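Enquirer: here's a sequence, model it:
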Amino acid sequence: MNRLGPLLLVILCIVGALGCAGEKPPAEPASAGGLPPQQISVPAPAKPKPPEPWENNKPTKTRSAQQAIATFRVDSADCVIGGKPVTMAAPLRADDFILYLPARAFAQAIGIPGGEITLGKKTFPDDYLGDKNRQFDSVAMTRGGLTVTGAWLIMTIDGKKYEVPGKAAYCDPADVPYIGLRAFGRAFGYDTYWDPDSGTVELLTGLPLAEDDLLLASLKPERDDNNKVSLVLGTPTTVKDYRANGHHDLIYPDFTIRLGRENEKNQILSITTTSPKYQTHRGITVGNDIAAVIERYGMGYYFNKKQSCYYYTFLTTHVDHEKFVAFVAQGDKVVQIKVGDYWIP
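Expert: The predicted model follows:
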(Lines give C-alpha, C1' and ligand atoms only; values in the text may rest on other atoms or scores of the structure.)
Protein backbone atom coordinates (compact mmCIF):
# COMPACT_ATOMS: atom_id res chain seq x y z
CA MET A 1 0.00 0.00 0.00
CA ASN A 2 2.83 2.37 0.77
CA ARG A 3 4.21 1.87 -2.74
CA LEU A 4 0.82 2.44 -4.38
CA GLY A 5 0.35 5.83 -2.68
CA PRO A 6 2.71 7.85 -4.90
CA LEU A 7 1.39 6.07 -8.00
CA LEU A 8 -2.22 6.92 -7.18
CA LEU A 9 -1.26 10.53 -6.58
CA VAL A 10 0.36 10.76 -10.02
CA ILE A 11 -2.73 9.22 -11.69
CA LEU A 12 -5.06 11.71 -9.97
CA CYS A 13 -2.95 14.67 -11.08
CA ILE A 14 -3.01 13.47 -14.72
CA VAL A 15 -6.80 13.04 -14.68
CA GLY A 16 -7.27 16.47 -13.15
CA ALA A 17 -5.07 18.07 -15.77
CA LEU A 18 -6.99 16.35 -18.61
CA GLY A 19 -10.28 17.61 -17.15
CA CYS A 20 -9.03 21.16 -16.90
CA ALA A 21 -7.76 21.07 -20.48
CA GLY A 22 -11.30 20.52 -21.69
CA GLU A 23 -12.65 23.65 -19.96
CA LYS A 24 -12.82 27.02 -21.65
CA PRO A 25 -10.86 29.81 -20.03
CA PRO A 26 -13.03 32.49 -18.42
CA ALA A 27 -13.97 35.34 -20.76
CA GLU A 28 -12.01 38.54 -20.35
CA PRO A 29 -14.04 41.47 -19.15
CA ALA A 30 -15.45 43.68 -21.88
CA SER A 31 -13.35 46.69 -22.67
CA ALA A 32 -14.33 50.18 -23.71
CA GLY A 33 -13.55 51.06 -27.30
CA GLY A 34 -11.93 47.70 -27.96
CA LEU A 35 -8.96 48.40 -25.67
CA PRO A 36 -7.50 45.64 -23.52
CA PRO A 37 -8.77 45.87 -19.95
CA GLN A 38 -5.47 47.16 -18.60
CA GLN A 39 -5.65 50.15 -20.99
CA ILE A 40 -9.12 51.33 -20.01
CA SER A 41 -8.94 54.92 -18.86
CA VAL A 42 -10.88 55.35 -15.64
CA PRO A 43 -11.38 58.98 -14.68
CA ALA A 44 -10.34 59.91 -11.18
CA PRO A 45 -13.22 60.73 -8.85
CA ALA A 46 -14.13 64.39 -8.97
CA LYS A 47 -12.76 66.43 -6.13
CA PRO A 48 -15.43 68.02 -3.96
CA LYS A 49 -16.00 71.63 -4.91
CA PRO A 50 -14.56 73.92 -2.24
CA PRO A 51 -16.98 76.38 -0.64
CA GLU A 52 -17.12 79.87 -2.04
CA PRO A 53 -14.58 82.11 -0.28
CA TRP A 54 -17.24 84.37 1.19
CA GLU A 55 -17.02 85.79 4.66
CA ASN A 56 -19.68 87.78 6.38
CA ASN A 57 -17.25 90.63 6.94
CA LYS A 58 -13.59 91.52 6.84
CA PRO A 59 -12.06 92.99 10.01
CA THR A 60 -11.59 96.70 9.46
CA LYS A 61 -10.61 99.73 11.50
CA THR A 62 -13.05 101.84 9.51
CA ARG A 63 -16.43 102.36 11.11
CA SER A 64 -19.54 103.81 9.57
CA ALA A 65 -21.89 106.11 11.46
CA GLN A 66 -24.14 103.12 12.19
CA GLN A 67 -24.88 102.48 15.85
CA ALA A 68 -24.76 99.03 17.44
CA ILE A 69 -28.05 98.24 19.18
CA ALA A 70 -26.89 94.79 20.32
CA THR A 71 -23.62 92.84 20.48
CA PHE A 72 -23.31 89.05 20.40
CA ARG A 73 -20.54 86.49 20.21
CA VAL A 74 -20.60 83.28 18.18
CA ASP A 75 -21.22 80.15 20.34
CA SER A 76 -22.08 82.25 23.40
CA ALA A 77 -25.44 82.89 25.06
CA ASP A 78 -24.14 86.07 26.71
CA CYS A 79 -24.84 89.31 24.87
CA VAL A 80 -25.44 93.02 25.34
CA ILE A 81 -28.80 94.48 24.30
CA GLY A 82 -29.50 98.17 24.70
CA GLY A 83 -26.32 98.53 26.77
CA LYS A 84 -27.37 95.86 29.30
CA PRO A 85 -25.98 92.33 29.69
CA VAL A 86 -28.44 89.59 28.77
CA THR A 87 -28.21 85.80 28.81
CA MET A 88 -30.14 84.25 25.94
CA ALA A 89 -31.95 80.92 25.97
CA ALA A 90 -29.29 79.50 23.65
CA PRO A 91 -26.09 80.74 21.97
CA LEU A 92 -25.66 82.59 18.70
CA ARG A 93 -24.68 80.01 16.10
CA ALA A 94 -22.77 80.19 12.81
CA ASP A 95 -23.32 77.64 10.06
CA ASP A 96 -21.59 78.00 6.67
CA PHE A 97 -20.99 81.73 7.29
CA ILE A 98 -24.66 82.31 8.15
CA LEU A 99 -25.61 83.53 11.62
CA TYR A 100 -28.59 82.21 13.57
CA LEU A 101 -29.87 83.95 16.70
CA PRO A 102 -32.55 82.86 19.21
CA ALA A 103 -35.68 84.54 17.92
CA ARG A 104 -36.78 86.09 21.22
CA ALA A 105 -33.38 87.74 21.72
CA PHE A 106 -33.65 89.37 18.28
CA ALA A 107 -37.18 90.57 19.01
CA GLN A 108 -35.96 92.07 22.29
CA ALA A 109 -33.00 93.74 20.53
CA ILE A 110 -35.20 95.55 17.99
CA GLY A 111 -37.57 96.80 20.68
CA ILE A 112 -40.54 94.43 20.47
CA PRO A 113 -42.05 94.52 23.98
CA GLY A 114 -41.16 91.42 25.96
CA GLY A 115 -39.39 89.93 22.94
CA GLU A 116 -42.79 88.68 21.83
CA ILE A 117 -42.88 86.29 18.87
CA THR A 118 -45.52 84.03 17.37
CA LEU A 119 -44.78 80.39 16.60
CA GLY A 120 -46.72 78.51 13.95
CA LYS A 121 -47.18 75.09 15.54
CA LYS A 122 -46.36 72.06 13.45
CA THR A 123 -48.33 68.82 13.57
CA PHE A 124 -47.07 65.49 12.27
CA PRO A 125 -49.06 62.64 10.69
CA ASP A 126 -48.83 59.22 12.35
CA ASP A 127 -46.59 57.85 9.59
CA TYR A 128 -44.17 60.83 9.61
CA LEU A 129 -40.56 59.57 9.70
CA GLY A 130 -38.71 62.89 9.53
CA ASP A 131 -37.15 65.06 12.23
CA LYS A 132 -39.84 65.77 14.80
CA ASN A 133 -37.55 68.18 16.65
CA ARG A 134 -39.09 70.87 14.49
CA GLN A 135 -41.99 71.63 16.80
CA PHE A 136 -43.09 74.62 14.74
CA ASP A 137 -43.04 75.59 11.10
CA SER A 138 -42.76 79.40 11.36
CA VAL A 139 -41.58 82.32 13.49
CA ALA A 140 -43.35 85.66 13.17
CA MET A 141 -42.81 89.04 14.80
CA THR A 142 -44.45 92.42 14.35
CA ARG A 143 -43.14 95.92 14.98
CA GLY A 144 -44.73 99.19 13.98
CA GLY A 145 -47.24 97.53 11.68
CA LEU A 146 -44.55 95.50 9.85
CA THR A 147 -44.90 91.71 10.17
CA VAL A 148 -42.01 89.42 9.22
CA THR A 149 -42.38 85.64 9.17
CA GLY A 150 -39.68 83.03 8.71
CA ALA A 151 -40.66 79.52 7.66
CA TRP A 152 -37.64 77.28 6.99
CA LEU A 153 -36.07 78.70 3.77
CA ILE A 154 -38.71 81.37 3.09
CA MET A 155 -39.18 84.78 4.70
CA THR A 156 -42.39 86.73 4.23
CA ILE A 157 -42.49 90.51 4.71
CA ASP A 158 -46.02 91.89 4.79
CA GLY A 159 -47.22 89.12 2.47
CA LYS A 160 -44.30 89.20 -0.01
CA LYS A 161 -42.12 86.08 -0.04
CA TYR A 162 -38.32 86.05 -0.21
CA GLU A 163 -35.96 83.11 -0.53
CA VAL A 164 -32.98 83.75 1.74
CA PRO A 165 -29.52 82.16 2.01
CA GLY A 166 -29.52 79.39 4.59
CA LYS A 167 -32.63 79.14 6.76
CA ALA A 168 -35.06 81.93 7.62
CA ALA A 169 -36.11 80.12 10.81
CA TYR A 170 -35.75 76.75 12.47
CA CYS A 171 -36.12 74.95 15.81
CA ASP A 172 -33.10 73.42 17.53
CA PRO A 173 -33.21 70.04 19.35
CA ALA A 174 -33.88 71.85 22.64
CA ASP A 175 -36.99 73.42 21.05
CA VAL A 176 -35.46 76.92 20.90
CA PRO A 177 -36.70 78.92 17.89
CA TYR A 178 -33.91 80.52 15.81
CA ILE A 179 -34.01 83.09 13.01
CA GLY A 180 -31.50 83.99 10.29
CA LEU A 181 -29.95 87.12 11.80
CA ARG A 182 -28.92 88.90 8.61
CA ALA A 183 -32.21 88.17 6.82
CA PHE A 184 -34.48 89.24 9.70
CA GLY A 185 -32.24 92.20 10.47
CA ARG A 186 -32.45 93.47 6.92
CA ALA A 187 -36.22 92.97 6.86
CA PHE A 188 -36.54 95.33 9.84
CA GLY A 189 -33.92 97.78 8.48
CA TYR A 190 -30.75 96.66 10.30
CA ASP A 191 -27.29 95.59 9.17
CA THR A 192 -25.07 92.89 10.64
CA TYR A 193 -21.33 93.18 11.16
CA TRP A 194 -19.40 90.02 12.03
CA ASP A 195 -15.70 90.19 12.89
CA PRO A 196 -14.58 86.64 12.04
CA ASP A 197 -11.36 86.99 14.06
CA SER A 198 -12.96 87.82 17.40
CA GLY A 199 -16.34 86.16 16.74
CA THR A 200 -18.09 89.40 17.75
CA VAL A 201 -21.35 90.19 15.95
CA GLU A 202 -23.05 93.59 15.99
CA LEU A 203 -26.62 94.37 15.02
CA LEU A 204 -26.42 97.88 13.55
CA THR A 205 -28.83 100.60 12.55
CA GLY A 206 -29.16 100.07 8.80
CA LEU A 207 -28.17 101.88 5.62
CA PRO A 208 -30.46 99.97 3.24
CA LEU A 209 -29.82 99.97 -0.48
CA ALA A 210 -32.31 101.68 -2.78
CA GLU A 211 -33.14 100.92 -6.42
CA ASP A 212 -31.10 103.94 -7.55
CA ASP A 213 -27.99 102.26 -6.12
CA LEU A 214 -28.07 99.99 -9.18
CA LEU A 215 -27.59 102.91 -11.59
CA LEU A 216 -24.21 103.33 -13.28
CA ALA A 217 -23.75 105.68 -16.26
CA SER A 218 -27.57 106.06 -16.32
CA LEU A 219 -27.90 102.32 -17.04
CA LYS A 220 -29.62 99.90 -14.70
CA PRO A 221 -29.57 96.09 -14.61
CA GLU A 222 -32.91 94.33 -15.00
CA ARG A 223 -34.54 97.49 -16.37
CA ASP A 224 -32.47 98.26 -19.49
CA ASP A 225 -31.58 96.11 -22.52
CA ASN A 226 -29.05 96.13 -25.37
CA ASN A 227 -30.95 98.86 -27.20
CA LYS A 228 -30.49 101.26 -24.27
CA VAL A 229 -26.83 100.24 -23.99
CA SER A 230 -26.25 101.08 -27.67
CA LEU A 231 -28.05 104.38 -27.24
CA VAL A 232 -25.92 105.39 -24.23
CA LEU A 233 -22.53 103.85 -25.03
CA GLY A 234 -22.61 103.27 -28.80
CA THR A 235 -20.99 100.27 -30.50
CA PRO A 236 -18.86 97.99 -28.32
CA THR A 237 -15.22 97.36 -29.22
CA THR A 238 -15.61 93.63 -28.58
CA VAL A 239 -18.43 91.14 -28.03
CA LYS A 240 -17.72 87.97 -26.05
CA ASP A 241 -20.38 85.38 -26.71
CA TYR A 242 -21.33 83.08 -23.84
CA ARG A 243 -24.82 82.36 -25.17
CA ALA A 244 -24.45 78.67 -24.40
CA ASN A 245 -24.47 79.80 -20.77
CA GLY A 246 -27.27 82.26 -21.35
CA HIS A 247 -25.32 85.52 -21.50
CA HIS A 248 -22.80 87.57 -23.50
CA ASP A 249 -20.56 90.56 -22.78
CA LEU A 250 -20.28 93.87 -24.55
CA ILE A 251 -16.79 95.31 -24.01
CA TYR A 252 -16.27 99.08 -24.05
CA PRO A 253 -13.12 101.06 -23.11
CA ASP A 254 -14.62 101.90 -19.69
CA PHE A 255 -17.29 99.24 -19.22
CA THR A 256 -18.21 95.59 -19.51
CA ILE A 257 -21.94 95.10 -19.93
CA ARG A 258 -23.22 91.56 -19.36
CA LEU A 259 -26.49 90.79 -21.12
CA GLY A 260 -28.82 87.83 -20.68
CA ARG A 261 -31.98 86.54 -22.29
CA GLU A 262 -35.00 87.61 -20.26
CA ASN A 263 -38.47 87.69 -21.84
CA GLU A 264 -36.89 87.61 -25.33
CA LYS A 265 -34.89 90.75 -24.54
CA ASN A 266 -31.16 91.13 -24.00
CA GLN A 267 -31.54 92.66 -20.57
CA ILE A 268 -28.56 93.87 -18.54
CA LEU A 269 -27.39 91.40 -15.89
CA SER A 270 -24.46 93.45 -14.64
CA ILE A 271 -22.36 96.56 -15.32
CA THR A 272 -18.65 96.67 -14.50
CA THR A 273 -16.29 99.61 -14.72
CA THR A 274 -12.63 100.22 -13.89
CA SER A 275 -12.72 103.88 -14.90
CA PRO A 276 -12.71 106.78 -12.40
CA LYS A 277 -14.94 108.77 -14.76
CA TYR A 278 -18.15 107.28 -13.37
CA GLN A 279 -19.58 107.20 -9.88
CA THR A 280 -22.23 105.24 -8.03
CA HIS A 281 -25.44 106.78 -6.77
CA ARG A 282 -23.68 107.42 -3.43
CA GLY A 283 -20.71 109.09 -5.09
CA ILE A 284 -18.06 106.33 -5.03
CA THR A 285 -15.62 106.13 -7.96
CA VAL A 286 -12.69 103.89 -8.85
CA GLY A 287 -9.70 105.21 -6.91
CA ASN A 288 -11.64 106.05 -3.74
CA ASP A 289 -10.63 104.54 -0.42
CA ILE A 290 -12.56 101.52 0.85
CA ALA A 291 -13.11 103.60 3.99
CA ALA A 292 -15.35 105.90 1.92
CA VAL A 293 -17.34 102.88 0.70
CA ILE A 294 -17.94 101.69 4.27
CA GLU A 295 -18.92 105.19 5.41
CA ARG A 296 -21.56 105.52 2.68
CA TYR A 297 -22.79 101.94 2.30
CA GLY A 298 -22.34 100.71 5.85
CA MET A 299 -20.75 97.69 7.47
CA GLY A 300 -23.27 95.08 6.39
CA TYR A 301 -21.22 93.74 3.47
CA TYR A 302 -20.02 90.29 2.51
CA PHE A 303 -16.32 89.97 1.72
CA ASN A 304 -14.83 87.69 -0.94
CA LYS A 305 -11.19 86.92 -0.12
CA LYS A 306 -10.35 85.52 -3.53
CA GLN A 307 -11.56 88.60 -5.40
CA SER A 308 -10.94 91.10 -2.58
CA CYS A 309 -14.51 92.20 -3.13
CA TYR A 310 -16.85 94.09 -0.78
CA TYR A 311 -20.32 92.92 -1.73
CA TYR A 312 -23.55 94.67 -0.68
CA THR A 313 -26.83 92.93 -1.44
CA PHE A 314 -30.48 93.84 -1.65
CA LEU A 315 -33.18 91.79 0.00
CA THR A 316 -34.55 90.08 -3.11
CA THR A 317 -37.22 87.54 -3.92
CA HIS A 318 -34.73 84.86 -4.99
CA VAL A 319 -31.23 84.32 -3.68
CA ASP A 320 -29.89 83.25 -7.11
CA HIS A 321 -30.96 86.61 -8.56
CA GLU A 322 -29.69 88.80 -5.75
CA LYS A 323 -29.25 92.44 -6.67
CA PHE A 324 -25.92 93.79 -5.54
CA VAL A 325 -23.40 96.61 -5.52
CA ALA A 326 -19.80 95.36 -5.34
CA PHE A 327 -16.41 97.05 -4.91
CA VAL A 328 -13.18 95.22 -5.75
CA ALA A 329 -10.18 96.54 -3.82
CA GLN A 330 -6.45 96.53 -4.30
CA GLY A 331 -4.96 97.43 -0.97
CA ASP A 332 -7.24 100.14 0.42
CA LYS A 333 -8.33 101.50 -2.99
CA VAL A 334 -11.35 100.67 -5.15
CA VAL A 335 -10.16 99.32 -8.51
CA GLN A 336 -13.47 98.02 -9.90
CA ILE A 337 -17.17 98.72 -9.35
CA LYS A 338 -19.88 96.29 -10.33
CA VAL A 339 -23.69 96.48 -10.06
CA GLY A 340 -26.14 93.83 -11.11
CA ASP A 341 -29.05 91.55 -10.43
CA TYR A 342 -27.25 88.26 -11.09
CA TRP A 343 -23.82 87.41 -9.74
CA ILE A 344 -21.55 85.74 -12.32
CA PRO A 345 -17.83 86.12 -11.44
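
Enquirer: what ranges does the stretch 1-150 of the chain have for its strands?
Expert: Taking DSSP state E, counting those that start in this stretch as the criterion, the stretch 1-150 of the chain carries its strands at 54-55, 68-73, 78-81, 84-87, 93-95, 98-102, 118-121, 136-143, 146-151.

Enquirer: mean pLDDT lowest for which of those?
Expert: The minimum mean pLDDT among the strands of the stretch 1-150 of the chain belongs to strand 54-55 (a mean of 46).

Enquirer: and residue 212, helix, strand or coil?
Expert: Secondary structure, DSSP: H, G, I helix; E, B strand; the rest coil: residue 212 is helix.

Enquirer: check contacts around it.
Expert: Contacts for residue 212 (Cβ atoms under 8 Å, 6 or more residues apart in numbering) come out as residue 281. Just so you know, the C-beta spots here come from the backbone N, C-alpha and C atoms, and that holds for glycine as well.

Enquirer: can you do 10 Å?
Expert: 220, 280-282 (Cβ atoms under 10 Å, 6 or more residues apart in numbering).

Enquirer: strands along the stretch 201-345 of the chain, start to end?
Expert: 238-242, 247-251, 255-262, 265-273, 302-304, 309-313, 324-330, 333-340.

Enquirer: and of those strands, who's closest to residue 112?
Expert: Residue 112 sits nearest to strand 309-313 of all the strands of the stretch 201-345 of the chain, at 25.0 Å, using Cβ to Cβ.

Enquirer: can you state the direction angle for the closest one and strand 333-340?
Expert: 30 degrees (axes from the mean of the first three to the mean of the last three Cα atoms, to 10 degrees).

Enquirer: coming back round to it: just the strands of the stretch 1-150 of the chain: most buried one?
Expert: Per residue and on average, the most neighbours among the strands of the stretch 1-150 of the chain fall to strand 98-102, with a mean of 23 (mean count of other Cβ atoms under 10 Å).

Enquirer: direction included, what does it pair up with?
Expert: Using DSSP bridges, strand 98-102 pairs in its sheet with strand 93-95 (antiparallel), strand 177-180 (antiparallel).

Enquirer: dump the strands of the stretch 1-150 of the chain to JSON lines, plus distance to residue 210.
Expert: Shown next, in JSON lines, are the strands of the stretch 1-150 of the chain (distance: least, Cβ to Cβ, whole Å):
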{"stretch": "strand 54-55", "distance to residue 210": "24"}
{"stretch": "strand 68-73", "distance to residue 210": "22"}
{"stretch": "strand 78-81", "distance to residue 210": "29"}
{"stretch": "strand 84-87", "distance to residue 210": "33"}
{"stretch": "strand 93-95", "distance to residue 210": "29"}
{"stretch": "strand 98-102", "distance to residue 210": "25"}
{"stretch": "strand 118-121", "distance to residue 210": "30"}
{"stretch": "strand 136-143", "distance to residue 210": "21"}
{"stretch": "strand 146-151", "distance to residue 210": "18"}
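
Enquirer: to residue 190, which of those lies closest?
Expert: strand 68-73 (7.3 Å).

Enquirer: show me where the stretch 151-300 of the chain has helices.
Expert: Using DSSP state H, counting those that start in this stretch, the helices of the stretch 151-300 of the chain run over 181-187, 226-233, 290-297.
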